[in-house]
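A.B. asks: fold the following.
(chains A and B)
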Amino acid sequence: MTQASPRNTAQTVVGALVALTGLGLAAGAFSIPGEAGYGGVGPNFLPWLVSVVLLACGVLIVREALTGGFRDLEPPSGAERAWWPGLVWVSAGLLANAALITTIGFILSCTLCYLLAVQGLRRAQGQTPGARDIAVDALSGAVISAPVYWAFTKFLAINLPGLTSTGWI
Amino acid sequence: MEIFASLLQGFATAVTPIHLLWALLGCVLGTAVGVLPGIGPAVAVAMLLPITAKVDITASMIFFAGIYYGAMYGGSTTSILLNTPGETASMVTAMEGNKMAKSGRAGAALATAAIGSFVAGTIATVIVTLFAPTVADFAVKLGPPEYFLLMVLAFTTVSAVLGQSTLRGMTSLFLGLALGLVGMDQISGQARYTGGIPELLDGIEIVLVAVGLFAVAEVLYFAMYEGRTVETQNRMSRVYMSARDWKRSIPAWLRATAIGAPFGCIPAGGTEIPTFLSYAVEKKLAKGADREEFGTTGAIEGVAGPEAANNATVTTALIPLLTLGIPTSNTTAILLGAFQNYGIQPGPQLFQNSAALVWALIASLYIGNVMLLILNLPMVKVWVQLLKIPKPQLYAGILIFATVGAYGMRQSAFDLVLLWGIGLAGVLMRRYDFPRRRWWSA
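C.D. replies: Residues are numbered from 1 along each chain as shown, chains lettered A, B, ... in the order given. Now for the predicted structure:
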């Protein structure tokens, strides 16, 4: 019997997530009507198939995790343990972007996303950015976002949200 | 002769200044994407798919093909000069390339990689020119049962390839299928797994999955795990190959082209197998002093072979895409999406209905190869400068481009939330070695 390491616990959780996804899909499949058209296969056929296979895969993955860990595992690159603040910073940037892009426009919203993400990424490297770094980051975020925005709105006529309807900001 | 006439027509279209400009832009962008860590050609093309709304199809296809090609050239620069294993395709190049660079022969390694890519790319383009029309003629005869079996073959080979875990491969495949279920069923019009969110009725765009799984996940992964990884860069040396280098490289390029070209035509999981195979062949065939360089000071065949095999595979991957509409790699899957954005379904009819487009595309591959040789040999020092961009700024910048790709597709802020979610899933998959490509090739 192998000792349960933190790694195996995490692997068990991953397997359980897969199995849960399978169960969730199965639960959803109940609400999909199954009358098959002339094709002989109804809209709920694939959902059932996928949920059953995923459930089975999840169970097998949990079994692997509990009996000595994943087989044929390529060791992941990078640090042994996750640095969670990094996840928080970058996620904050992405989600702020999603929440604000339609109100404050592409340039400002992407600048904010860049600013937040770069703080996390700098800290992940062990830097402690000062006020000057933050100002530089805000500026460089705008310097990247603005030309991208102009290229798409002016040159390619693709609709990206702006703070004003001029297409410049 | 008919082929030759069509090809000439293609050249006539491809050499118009505007198309040459698009090709150059694509090659430059592609090389940059290849050199920079964080995004690959598939994601780059995916991010730029919104341009299909405005740019005409020939121009955008020439542009995308340039990116696709350019990334292959650029990728070798990074794998030779940086001591971090990148994508699997360039991993093989890195094995010997790094050793050569450490013993002061970075220039020779870069040269053999660039010229080898050119030789293999050009030969493979000739193969595409000669065989694609024949395959298309044959493919007209295939019906739904044959296509179904081709898809089954694609799925099974994709999940059985190499020593990776079949269980996790299957899991990835079905997670991908699960994602594909979201939205309106194409046959019955029944909504599936939309949870009452109207945005989900249209399904989840493959572009969103590609950008989330590769670009956003890469940024998150770096923030969580790789911030402290110390990266060292090898010294550049003069880009020059001696007579002995040529003598060893030329046979390796040709052998690798022969190995790589067939792999592009079959859905066998991209460039991993042919590059590894070519490396193994070169190592086996090497004798005496050349053999001893493998794994010690770095053997030039070990760079020449895999790089050429890589480009041959990538080029011939266009045959199944153009003639059958079946993508055999990440990037061709996205290119398929680009065709579909124009309402064109690649397949046997493409050579008849859109002959001008196809031949212009093929002609632009020849032109692109020449452009890339110039961009990557005399100008390689310019690209090396890109490696100086600090990672935090680079990765945060990638998020801005990811936003354009994801938002520009359907103008929906909801897609940006999905992008984040898919990015998180991508981190888990990378950490626990679930093949991500399988996920979205489904």
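A.B. asks: in three-state terms, label the closest residue to residue A:17 other than its chain neighbours for me.
C.D. replies: Setting aside the residues directly before and after it, residue A:17 is nearest to residue A:58 in space (C-beta to C-beta, 6 or more residues apart in numbering or on different chains), at 7.5 Å. Just so you know, the C-beta spots here come from the backbone N, C-alpha and C atoms, and that holds for glycine as well. With DSSP: H, G, I helix; E, B strand; the rest coil as the basis, residue A:58 sits in helix.
A.B. asks: which residues does residue A:58 contact?
C.D. replies: When contacts are counted by C-beta atoms under 8 Å, 6 or more residues apart in numbering or on different chains, residue A:58 touches A:15-22, B:171.
A.B. asks: for ChimeraX, what selects the buried ones among those residues?
C.D. replies: A single ChimeraX command is used to select the members of those judged buried by 16 or more other C-beta atoms under 10 Å in any protein chain shown:
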select /A:15,18,19,21,22 /B:171
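A.B. asks: filter the contacts of residue A:58 down to the ones in helices?
C.D. replies: Counting by DSSP state H, the contacts of residue A:58 place A:15-22, B:171 in helices.
A.B. asks: now those in CSV, with pLDDT and distance to residue B:201?
C.D. replies: As requested, the ones in helices among the contacts of residue A:58 are exported to CSV (pLDDT from 0 to 100; distance: C-beta to C-beta, whole Å):
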residue, pLDDT, distance to residue B:201
A:15, 94, 31
A:16, 94, 30
A:17, 94, 26
A:18, 94, 26
A:19, 94, 28
A:20, 94, 24
A:21, 92, 21
A:22, 92, 23
B:171, 87, 27
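A.B. asks: nearest to residue B:323 among those residues?
C.D. replies: Comparing the ones in helices among the contacts of residue A:58 against residue B:323 with C-beta to C-beta places residue B:171 closest, at 31.8 Å.
A.B. asks: now the contacts of residue A:58 as TSV including distance to residue B:184?
C.D. replies: Listed next are those as TSV, based on distance: C-beta to C-beta, whole Å:
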residue	distance to residue B:184
A:15	31
A:16	30
A:17	27
A:18	26
A:19	27
A:20	25
A:21	21
A:22	22
B:171	26
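A.B. asks: ok, and the closest non-adjacent residue to residue B:415?
C.D. replies: residue B:406 (5.0 Å).
A.B. asks: residue B:238 now?
C.D. replies: residue B:107 (4.7 Å).
A.B. asks: tell me which strands and helices the helix or strand that neighbour falls within is in contact with?
C.D. replies: According to DSSP states H and E, residue B:107 maps onto helix B:106-139. Contacts defined by 3 or more C-beta pairs under 8 Å, 6 or more residues apart in numbering or on different chains; DSSP states H and E place helix B:106-139 against helix B:2-14, helix B:57-81, helix B:88-102, helix B:243-265, helix B:301-316, helix B:318-324, helix B:350-353, helix B:355-376.
A.B. asks: lowest-confidence stretch among those?
C.D. replies: Comparing mean pLDDT across the helices and strands packed on helix B:106-139, the weakest is helix B:88-102, with a mean of 81.
A.B. asks: and it, anywhere near chain A?
C.D. replies: No. Against chain A, helix B:88-102 shows no contacts by C-beta under 8 Å from any C-beta of the partner chain, the least distance being 10.2 Å.
A.B. asks: that helix vs helix B:106-139, what angle?
C.D. replies: In terms of direction (axes from the mean of the first three to the mean of the last three C-alpha atoms, to 10 degrees), helix B:88-102 departs from helix B:106-139 by 160 degrees.
A.B. asks: just checking, what packs against helix B:88-102?
C.D. replies: For helix B:88-102, the elements it packs on are helix B:57-81, helix B:106-139, helix B:272-285, helix B:301-316, judged by 3+ C-beta pairs under 8 Å, 6+ apart.
A.B. asks: distance from the second one to the middle of the chain?
C.D. replies: Spelled out, it's helix B:106-139. Relative to the chain's own centre, helix B:106-139 is displaced by 14 Å; criterion: C-alpha atoms, centre = their mean, to the nearest Å.
A.B. asks: try the first one
C.D. replies: Relative to its parent chain, helix B:57-81 has a centroid offset of 8 Å by C-alpha atoms, centre = their mean.
A.B. asks: likewise the last one?
C.D. replies: Relative to the chain's own centre, helix B:301-316 is displaced by 12 Å; criterion: C-alpha atoms, centre = their mean.
A.B. asks: list the buried residues in it.
C.D. replies: B:301-316.
A.B. asks: then the shortest one?
C.D. replies: With burial defined by 16+ other C-beta under 10 Å, the residues of helix B:272-285 counted as buried are B:272-279, B:281-283.
A.B. asks: what's the answer for the second one, then?
C.D. replies: Under the neighbour-count criterion of 16+ other C-beta under 10 Å, helix B:106-139 has B:106-125, B:127-129, B:131-133, B:135-136, B:139 buried.
A.B. asks: look at residue A:80 and give its secondary structure.
C.D. replies: Of the three states, residue A:80 takes coil under three-state DSSP.
A.B. asks: next, it: phi, psi?
C.D. replies: Dihedral pair for residue A:80: phi -70, psi -40, per degrees, to the nearest 10.
A.B. asks: how many neighbours does the residue lying closest to residue B:9 once chain neighbours are set aside have?
C.D. replies: Spatial nearest neighbour of residue B:9, excluding adjacent residues (C-beta to C-beta, 6+ apart): residue B:359 at 5.6 Å. Neighbour count for residue B:359, taken as other C-beta atoms under 10 Å in any protein chain shown: 24.
A.B. asks: separation between residue B:359 and chain A?
C.D. replies: Separation of residue B:359 from chain A (C-beta to the nearest C-beta, to the nearest Å): 26 Å.
A.B. asks: again with residue B:60
C.D. replies: Residue B:60 is 10 Å from chain A, where distance means C-beta to the nearest C-beta.
A.B. asks: between the buried residues of helix B:272-285, which is nearest residue B:333?
C.D. replies: Here the nearest of those to residue B:333, counting by C-beta to C-beta, is residue B:272; it sits at 16.2 Å.
A.B. asks: how close does the closest one sit to residue B:309?
C.D. replies: Going from residue B:272 to residue B:309 by C-beta to C-beta, to the nearest Å gives 10 Å.
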